[in-house]
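> A structural model of the following input is requested.
(4 chains)
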There are 4 protein chains.
Amino acid sequence: MADAHEVARDQLRSFIERIERLEEEKKTIADDIKDVYGEAKATGFDTKILRKVIQIRKQDKDERAEQEAILDTYLAALGMIELPQDDD
Amino acid sequence: MADAHEVARDQLRSFIERIERLEEEKKTIADDIKDVYGEAKATGFDTKILRKVIQIRKQDKDERAEQEAILDTYLAALGMIELPQDDD
Amino acid sequence: MADAHEVARDQLRSFIERIERLEEEKKTIADDIKDVYGEAKATGFDTKILRKVIQIRKQDKDERAEQEAILDTYLAALGMIELPQDDD
Amino acid sequence: MADAHEVARDQLRSFIERIERLEEEKKTIADDIKDVYGEAKATGFDTKILRKVIQIRKQDKDERAEQEAILDTYLAALGMIELPQDDD
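Next comes the predicted model:
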């Protein structure tokens, strides 16, 4: 019967190898994502803006609208943008 | 025949949805990794040290040995460790 | 006369201590920044939006306008916003 | 007497400008740190190991010794290092 040391040894190796396999899979997918952005860029799309769109699509629509409104208020208060008259 | 606008629109949507699907897969695997670390912790392993082991297993053995030797030299020079006599 | 070892030892200690002093200063300022955000929050400002404003103020105005225009075009193409008629 | 809008406007500007000044100071110090590492590199020191030494000097000595011991135990269990006989 395997003694406690051997059990712990096998458990350790199993955890390490499972994590390494998963990290390998994760890296493969990260490379796939980079490839898609590369394809998009080659097609003429702006990848920085693509990332922004993807970030926005994760946001709750109302929450985003509220944040945009606060941002405009702050920018207007600093004289960086003009708010439409009725908003002021 | 789809005009240029429609083609670009479909291309944009396709790139966005491909990236979102891949990011979803990546997130699932990241959660799986977190679960394995959770299991290891529950089994009594130190997850901080597990991460260190995984990092070390990625390194070239000779390169790691060389860095450890330089580190020991610096630590000894600062009086933080004692080097075995023949190393000094 | 100090031998080469001693010179290297003193140089190492000097570099380490200079870096540590600078890192200490940097941490103090980072804490000051956190305090100002805390004050702003207590005054009722949205700190997430404050960060966004500070980020925008670092950007070139024309570059930002161009990026906003591209972003709107992509969002409209995905049916996420309506563009004013003349922009379409 | 300044109305509430003006008060809020001035407060907003003051917070923004205070944060920007502090961020500027922080960036200057970050550049200074980079310069010192540059000097150390030019003198022949390994900057990657310098960073490691500085990280170690922040750690509690006993905590570091304990972590090193656990790390060695895990590495030995995986057959990556040999532990001195009495440690095993």
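> and stretch A:56-75, what's buried?
Neighbour-count burial for stretch A:56-75 flags A:56, A:67, A:70-75 (criterion: 16 or more other Cβ atoms under 10 Å in any protein chain shown). (Each C-beta comes from the backbone N, C-alpha and C, glycine too.)
> so where do the helices sit in chain A?
In chain A, the helices defined using DSSP state H lie at A:4-42, A:47-58, A:61-77.
> buried set for the shortest one?
Yep, that's helix A:47-58 we're talking about. Of the residues in helix A:47-58, A:49-50, A:52-53, A:56 count as buried by neighbour count, 16+ other Cβ under 10 Å.
> that helix packs against which elements?
With contacts taken as 3 or more Cβ pairs under 8 Å, 6 or more residues apart in numbering or on different chains; DSSP states H and E, helix A:47-58 sits against helix A:4-42, helix B:4-42, helix C:61-77.
> so how far is stretch A:20-29 off the chain centroid?
Stretch A:20-29 has its C-alpha centroid displaced from the chain centroid by 17 Å (Cα atoms, centre = their mean, to the nearest Å).
> does that stretch reach chain D?
No - judged by Cβ under 8 Å from any Cβ of the partner chain, stretch A:20-29 stays clear of chain D, getting no closer than 11.6 Å.
> quick one, domains of chain A?
Here the domain assignment for chain A is A:1-45, A:46-82, based on the TED database.
> would you mind giving those as JSON lines with mean pLDDT added?
Output for the domains of chain A, formatted as JSON lines (pLDDT from 0 to 100):
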{"stretch": "domain A:1-45", "mean pLDDT": "93"}
{"stretch": "domain A:46-82", "mean pLDDT": "94"}
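> tabulate those (JSON lines), appending distance to D:Phe45.
What follows is these, written out as JSON lines (distance: least, Cβ to Cβ, whole Å):
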{"stretch": "domain A:1-45", "distance to D:Phe45": "32"}
{"stretch": "domain A:46-82", "distance to D:Phe45": "37"}
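> out of those, nearest to D:Ile81?
Across the domains of chain A, D:Ile81 has its closest neighbour in domain A:1-45 (13.8 Å, Cβ to Cβ).
> and chain B, is that closest one touching that?
Yes - using Cβ under 8 Å from any Cβ, we find that domain A:1-45 touches chain B at A:11-12, A:15-16, A:18-20, A:22-23, A:25-26, A:29-30, A:32-33, A:36-37, A:39-40, A:43, A:45.
> any quick ChimeraX command for the buried ones out of these?
Buried residues within those, by 16+ other Cβ under 10 Å, are selected in ChimeraX with:
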select /A:11,12,15,16,18,19,22,25,26,29,32,33,36,37,40,45
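> adding distance to D:Leu83, write the helices and strands packed on helix A:47-58 out as a markdown table.
As requested, the helices and strands packed on helix A:47-58 are exported to a markdown table (distance: least, Cβ to Cβ, whole Å):
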| stretch | distance to D:Leu83 |
| --- | --- |
| helix A:4-42 | 12 |
| helix B:4-42 | 21 |
| helix C:61-77 | 57 |
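> closest one to B:Met80 among those helices?
The closest of the helices and strands packed on helix A:47-58 to B:Met80 is helix A:4-42. By Cβ to Cβ, the value is 29.5 Å.
> spell out whether that closest one and chain C are in contact.
No - Helix A:4-42 does not reach chain C (Cβ under 8 Å from any Cβ); its nearest approach is 10.9 Å.
> does anything pack onto that helix? Which helices or strands?
Under the contact criterion of 3+ Cβ pairs under 8 Å, 6+ apart, helix A:4-42 touches helix A:47-58, helix B:4-42, helix B:47-58, helix D:61-77.
> C:Gly79: which of those helices is closest?
helix B:4-42 (9.1 Å).
> let me see the residues that make contact with stretch A:73-86.
Residues from elsewhere that reach stretch A:73-86, judged by Cβ atoms under 8 Å, 6 or more residues apart in numbering or on different chains: A:72, A:88, C:49-50, C:53, C:56-57, D:5, D:8-9, D:12-13, D:16.
> list the buried residues for it?
Residues A:73-78 are the ones in stretch A:73-86 that count as buried (16+ other Cβ under 10 Å).
> next, A:Val59: phi, psi?
No Val there; residue A:59 is Gln. phi -80, psi 150 (degrees, to the nearest 10).
> go on, A:Leu78?
The phi/psi pair for A:Leu78 (degrees, to the nearest 10) reads phi -90, psi 10.
> any idea how far A:Leu71 is from it?
Remark: distance between A:Leu78 and A:Leu71 (Cβ to Cβ, to the nearest Å) = 11 Å.
> likewise for A:Asp62?
In this view, A:Asp62 and A:Leu71 are 15 Å apart by Cβ to Cβ.
> equivalent analysis for A:Gln59, please.
Distance, A:Gln59 to A:Leu71, using Cβ to Cβ: 13 Å.
> same deal with A:Ala65?
A:Ala65 sits 11 Å away from A:Leu71, going by Cβ to Cβ.
> likewise A:Glu63?
Counting by Cβ to Cβ, the gap from A:Glu63 to A:Leu71 is 13 Å.
> could you redo the contacts of stretch A:73-86 as JSON lines and give each row distance to D:Glu82?
Below are the contacts of stretch A:73-86 laid out as JSON lines (distance: Cβ to Cβ, whole Å):
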{"residue": "A:Asp72", "distance to D:Glu82": "65"}
{"residue": "A:Asp88", "distance to D:Glu82": "75"}
{"residue": "C:Ile49", "distance to D:Glu82": "57"}
{"residue": "C:Leu50", "distance to D:Glu82": "56"}
{"residue": "C:Val53", "distance to D:Glu82": "58"}
{"residue": "C:Ile56", "distance to D:Glu82": "58"}
{"residue": "C:Arg57", "distance to D:Glu82": "58"}
{"residue": "D:His5", "distance to D:Glu82": "73"}
{"residue": "D:Ala8", "distance to D:Glu82": "68"}
{"residue": "D:Arg9", "distance to D:Glu82": "69"}
{"residue": "D:Leu12", "distance to D:Glu82": "64"}
{"residue": "D:Arg13", "distance to D:Glu82": "65"}
{"residue": "D:Ile16", "distance to D:Glu82": "59"}
